[in-house]
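S.K.: here is my input; please provide its structure:
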Amino acid sequence: MSKVDKQLPLAPLNCERLAIQMFPLGMSPEEYAARYAADWYCFSFNRYCYRDPELNRWIQRLGEIFSTPALLAQCQEEMLTSEELVKVRQRLVENFYKEI
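M.R.: Now for the predicted structure:
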């Protein structure tokens with residue numbers, strides 16, 4: 001665990017089980033963020049430290065990307081084709097801006 005992680009509370013077991021089920025650790029957090037950030041309104045998994053070091057690193061990195069718009073945009077530009085990028089941006093508009 002890193003110094004920052006030691007300052008975070010340990011994830012409740014049910015939260016850790018959910019994270020293991022939800023997040024594809026075989027995919028990088030950069031790719032996951034690029035593909036699925038438009039589907040997340042709020043991300044709070046990174047408020048905890050996880051017992052599994054790989055899961056912990058993955059979630060902390062995903063939280064960093066989700067909370068840094070320039071980093072998210074960089075991941076999307078690097079990981080997605082132009083067609084995929086258009087679809088992700090359309091999903092963002094559909095999910096969050098349709099009522100504005």
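
S.K.: where are the low-confidence patches of this structure?
M.R.: Across the chain, the ranges flagged by pLDDT under 70 are 1-6, 97-100.

S.K.: which residue ranges form the helices in it?
M.R.: Along the chain, counting by DSSP state H, helices occupy 3-6, 13-22, 29-36, 53-66, 69-79, 82-96.

S.K.: please identify the most buried of the ones you listed.
M.R.: Highest mean neighbour count among the helices of the chain (mean count of other CB atoms under 10 Å): helix 29-36, with a mean of 20. Quick note: C-beta positions are derived from backbone N, CA and C, even for glycine.

S.K.: now the angle from that one to helix 53-66?
M.R.: Put simply, helix 29-36 runs at 50 degrees to helix 53-66, going by axes from the mean of the first three to the mean of the last three CA atoms, to 10 degrees.

S.K.: helices or strands up against helix 29-36?
M.R.: helix 53-66, helix 69-79, helix 82-96 (3 or more CB pairs under 8 Å, 6 or more residues apart in numbering; DSSP states H and E).

S.K.: hey, C-alpha coordinates of the first one in CSV?
M.R.: I take that to be helix 53-66. Only the C-alpha atoms of helix 53-66 are listed here, as CSV (Å, rounded to 0.1, in the frame of the first residue of the first chain):
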residue,chain,number,x,y,z
PRO,A,53,-3.1,-4.6,-4.0
GLU,A,54,-3.8,-5.0,-7.7
LEU,A,55,-7.5,-4.0,-7.2
ASN,A,56,-6.4,-1.1,-5.0
ARG,A,57,-4.0,0.3,-7.6
TRP,A,58,-6.5,-0.2,-10.4
ILE,A,59,-9.3,1.6,-8.6
GLN,A,60,-7.1,4.4,-7.3
ARG,A,61,-5.8,5.0,-10.9
LEU,A,62,-9.4,5.0,-12.3
GLY,A,63,-10.4,7.5,-9.7
GLU,A,64,-7.5,9.7,-10.6
ILE,A,65,-8.5,9.6,-14.3
PHE,A,66,-12.2,10.1,-13.6
